[in-house]
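Engineer: pasting a predicted model and its sequence here:
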Amino acid sequence: MEEISWKDFEKIGIVSGTIIRVEDFPEARKLSYKLWIDLGDYGVKKSGAQITKLYKKQDLLNKQVICVINFPKKQIANFTSEILTTGFVLGDGVILAVPERKVPNGTRLV
């Protein structure tokens with residue numbers, strides 16, 4: 001993996017947010033959910049997430065997650081994903097990256 005500088009890292013907008021709405025996403029090629037995430041001062045943003053193997057919709061509501069907010073928007077079928085919800089890809093699915101303790105929505109990771 002290529003090394004980056006601290007200046008490179010500072011360019012990545014990584015913030016906390018809380019999932020406030022979850023819907024099935026049958027139009028996606030891979031099983032996914034549509035998420036709406038409250039990012040505090042950054043507003044509510046949408047994200048498509050392939051996390052259906054390990055998470056039920058009702059378990060995701062009010063869950064705090066870590067998101068990248070400054071990637072370009074991505075069109076997935078009829079849905080525009082505005083942010084990346086981060087996680088760890090394992091053989092049995094994706095495990096969401098979450099703060100150890102609750103932090104205000106929009107708090108930047110450093």
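Structural biologist: Received the coordinates, thanks.
Engineer: quick one: mean pLDDT for stretch 57-73?
Structural biologist: Stretch 57-73 comes out with an average pLDDT of 97.
Engineer: element containing N105?
Structural biologist: Counting by DSSP states H and E, no helix or strand carries N105.
Engineer: name the nearest residue to it, sequence neighbours excluded.
Structural biologist: Of all residues not flanking N105 in the chain, G40 sits nearest, at 3.6 Å (Cβ to Cβ, 6 or more residues apart in numbering). All C-beta spots, glycine's among them, are computed from the backbone N, C-alpha and C.
Engineer: tell me the SS of D8?
Structural biologist: For D8, the assignment made with DSSP: H, G, I helix; E, B strand; the rest coil gives helix.
Engineer: what's the answer for G48, then?
Structural biologist: With three-state DSSP as the criterion, G48 reads strand.
Engineer: model confidence score at the residue nearest the centre of the chain, please.
Structural biologist: Per Cα atoms, centre = their mean, the C-alpha nearest to the average position across the chain is that of T85, at 1.4 Å. Listed pLDDT for T85 reads 98.
Engineer: for it, give the beta-bridge partners.
Structural biologist: Per DSSP bridges, the residues bridged to T85 are C67.
Engineer: distance of it relative to L35?
Structural biologist: 6 Å (Cβ to Cβ, to the nearest Å).
Engineer: quick one: common contacting residues for these two?
Structural biologist: With contacts defined as Cβ atoms under 8 Å, 6 or more residues apart in numbering, the residues shared by T85 and L35 are 47, 49.
Engineer: who's in contact with F9?
Structural biologist: Here F9 is in contact with no residue (Cβ under 8 Å, 6+ apart).
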